[in-house]
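Visitor: Predicted structure and sequence below. I'll ask about it afterward.
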Amino acid sequence: MNDLVADYVIIGAGSAGCVIANRLSADPAIKVVLLEAGGPDSNPWIHIPVGYFRTMHNPAVDWCYKTEPDPGLNGRSLAWPRGKVLGGSSSINGLLYVRGQPQDYDGWRQQGNTGWGWDDVKPLFLRAERQERGASADHGGDGPLSVSDPRLSRPICDAWVAAAQAAGYPFNPDFNGPQQEGVGYFQLTARNGLRCSAAVAYLNPVKGRQNLQIIPRAHVQRLDMEGRRVTGVIYRDTSGTERRVAARAEVILCAGAIGSPQLLMLSGVGEAEHLQAMGLPVVADLPGVGRNLQDHLQARLVFGTHGPTLNDEARSPLRKVAMALQYALTRRGPMAMAASLAAGFLRTAPHLETPDIQFHIQPWSADSPGEGVHPFSAFTASVCQLRPESRGDIRLRTPNADVHPVIRPNYLATTTDQRTLVAGIRIAREIAGFAPLQGKISEELRPGPKAGDDAALLNWARATATTIYHPVGTCKMGTGPDSVVDHRLRVHGVAGLRVADCSIMPDIVSGNTNAPAIMIGEKLSQMVHEDRKAGMTR
Ligand SMILES: Cc1cc2nc3c(=O)[nH]c(=O)nc-3n(C[C@H](O)[C@H](O)[C@H](O)COP(=O)(O)OP(=O)(O)OC[C@H]3O[C@@H](n4cnc5c(N)ncnc54)[C@H](O)[C@@H]3O)c2cc1C
């Protein structure tokens with residue numbers, strides 16, 4: 001018995017899911033239902049950029065996942081926030097707009113994924129984008145997603161950018177322009193000083209469409225199957241009642257790098273042995289489901305400063321009132337701040353073709369973002385390796401959709417990953433030794449001068465490094481036995497089902513993952529429209 005019938009049922013209103021809901025329902029002949037486990041994005045802190053520090057770890061809008069104790073991090077387990085709200089992780093993320101490197105996408109294509117090379121996907125980034133600086137060969141001017149320059153500056157970040165140039169790294173005015181390499185300032189997914197989430201960009205303008213039904217607080221439990229064909233979706237509403245939505249054409253799974261493999265496994269799609277151990281029937285034996293997990297791991301160097309930083313501003317009640325006033329009147333200042341202000345994409349060795357590390361420079365410091373700033377004057381130079389080789393996995397803990405799965409990131413498992421992170425820490429130190437930054441730094445607080453050799457630096461990273469919130473890869477796109485979806489994002493061996501979110505990335509992109517997730521949503525939408533035109537149904 002169906003509660004609803006649609007042509008396309010989309011699971012998850014995150015970065016990719018919102019795009020797909022918009023683009024498919026643009027055809028009035030297509031009926032779309034969008035199911036989201038979280039609620040509406042009514043918490044005001046979602047929309048104020050600095051509210052990132054308040055929404056993260058808040059179970060009202062964050063799934064609050066935790067990883068298993070990780071051998072590469074001295075047995076530490078990490079908090080892994082993921083958005084549980086309309087807009088998904090784009091509603092709680094750090095707002096940084098970065099696409100990655102052309103070579104990332106060319107690498108996907110080289111693995112057999114026709115249609116995913118840079119020349120194929122660049123127009124989709126442009127279609128999505130509304131660039132504040134105007135349209136150009138590298139930027140879109142009239143898409144739904146607003147991209148803008150930061151609305152504050154802080155001398156310590158300017159000093160970092162100047163010192164990096166003094167150290168020989170070039171200034172780059174646009175990390176999404178002709179080349180990624182260099183130092184400069186991030187652009188933000190923001191509009192007039194307010195967050196531009198995927199829900200703001202793609203859902204709000206089309207909420208009134210008759211053929212689009214958005215159902216928040218709908219926790220999908222499993223896919224409904226007839227043999228190896230998906231025919232609908234079973235979700236639980238707020239009263240705890242199970243409901244079914246029938247899909248006349250396809251179900252599109254956009255539950256993210258953790259939710260998508262979890263739902264596939266709960267529906268009998270995954271490694272047969274694991275499903276049997278969970279007491280689940282095996283619909284399709286796809287060993288790649290939940291494997292190939294990748295993330296960016298950040299080592300956070302903290303430097304004490306002679307002058308005040310945002311740590312001091314945030315502790316002063318008077319300054320806080322001034323910040324609130326400034327934001328209320330101008331939508332500028334620290335409340336309009338994204339997770340980081342300055343950035344660097346650098347190479348740890350001259351033989352590398354493209355940058356292999358990324359810096360996030362923050363005019364404040366904390367043990368971990370979202371945990372409150374330090375009670376002293378300091379700033380953070382966070383460094384992460386862009387293309388880690390280490391691979392982790394996600395497994396069901398129980399066959400119950402309410403129980404978080406087992407997440408094993410397996411950080412720093414290869415020598416390349418260890419070496420690259422240590423080299424990144426050394427570059428952070430090198431830059432700190434150049435004027436004008438050197439004169440502003442009182443001391444290196446973390447890791448501190450005692451950590452001298454590579455082994456000590458690696459040990460420090462293992463003891464303190466944390467996620468930069470970019471899990472991907474757990475429903476890998478490809479042709480091999482470890483892949484889950486093909487190049488048109490159709491699940492191997494299962495009819496009527498596609499996956500479109502960060503989980504399909506074969507290899508993590510060299511940068512932050514929100515813009516790529518939105519591009520993946522654009523690409524899926526384009527392919528569905530093409531297939532409908534060609535009369536191809538599955
Ligand atoms: C704290 C944080 C900071 C970040 N900072 C940045 C940044 O500054 N820049 C950047 O580019 N990237 C950043 N990222 C990463 C980026 O936001 C994500 O990679 C991207 O949003 C993921 O998009 P997605 O579509 O794959 O999944 P998501 O956006 O996570 O969407 C998945 C959706 O599916 C829903 N869902 C899951 N399971 C179910 C279910 N069973 N039933 C119904 N619905 C379900 C979820 O609630 C969610 O809404 C950050 C992420 C976080 C969490």
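Guide: Sure, I can see it.
Visitor: so what's residue 409 up against?
Guide: Counting by C-beta atoms under 8 Å, 6 or more residues apart in numbering, residue 409 makes contact with 67, 70, 72, 78, 293, 295, 297, 390, 392, 467, 471. Where you see a C-beta, it was placed from the backbone N, CA and C, and this is true even at glycine.
Visitor: So which of these sit within strands?
Guide: Of those, the ones assigned to strands by DSSP state E are 297, 467.
Visitor: Would you point out the most distant pair within the contacts of residue 409?
Guide: 72 and 471 (15.0 Å; C-beta to C-beta).
Visitor: Looking at these two now, which is surrounded by more residues?
Guide: For the pair residue 72 and residue 471, the greater number of neighbours falls to residue 471 (27 against 20), based on other C-beta atoms under 10 Å.
Visitor: Residue 80 is in contact with that one, correct?
Guide: Yes - if you go by C-beta atoms under 8 Å, residue 471 and residue 80 touch, sitting 6.8 Å apart.
Visitor: Common neighbours of these two, please.
Guide: 258, 407.
Visitor: Tell me the bridge partners for residue 361.
Guide: Judged by DSSP bridges, the bridge partners of residue 361 are residue 342, residue 381.
Visitor: hang on, the earlier thing: looking at the contacts of residue 409, which is nearest residue 56?
Guide: Of those, the one sitting nearest to residue 56 (C-beta to C-beta) turns out to be residue 467, at 11.3 Å.
Visitor: what about the chain, any weak spots by pLDDT?
Guide: Across the chain, residues meeting the criterion (pLDDT under 70) sit at 1, 537-538.
Visitor: Domain-wise, how is it divided?
Guide: Split into domains by automatic domain parsing, the chain comes to 1-142+190-294+470-538, 151-185+297-385+412-464.
Visitor: tell me the phi and psi of residue 209?
Guide: phi -60, psi 130 (degrees, to the nearest 10).
Visitor: I'd like the distance between the nearest residue to it once chain neighbours are set aside and residue 19.
Guide: In this structure, residue 209 finds its nearest non-sequential neighbour in residue 25, 5.1 Å apart by C-beta to C-beta, 6 or more residues apart in numbering. Using C-beta to C-beta, to the nearest Å, residue 25 is found at 11 Å from residue 19.
Visitor: Please say which of these two ends up with more neighbours.
Guide: Using other C-beta under 10 Å, the more surrounded residue of residue 25 and residue 19 is residue 19, with 31 against 24.
Visitor: Residue 127 is in contact with that one, correct?
Guide: No - using C-beta under 8 Å, residue 19 is not in contact with residue 127; the gap is 9.9 Å.
Visitor: Which single residue in the stretch 351-500 of the chain comes nearest to the ligand?
Guide: In the stretch 351-500 of the chain, the residue that lies nearest the ligand is residue 469 (3.5 Å; C-beta to the nearest ligand atom).
Visitor: what helices or strands is the helix or strand containing residue 9 leaning on?
Guide: In the assignment (DSSP states H and E), residue 9 maps to strand 4-11. Counting contacts by 3 or more C-beta pairs under 8 Å, 6 or more residues apart in numbering; DSSP states H and E, strand 4-11 is packed against helix 15-25, strand 32-35, strand 229-236, strand 242-253.
Visitor: As CSV, the contacts of residue 409 with distance to the ligand would be great.
Guide: Compiled in CSV, the contacts of residue 409 are given as follows (distance: C-beta to the nearest ligand atom, whole Å):
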residue, distance to the ligand
67, 13
70, 18
72, 21
78, 12
293, 13
295, 10
297, 14
390, 18
392, 16
467, 9
471, 7
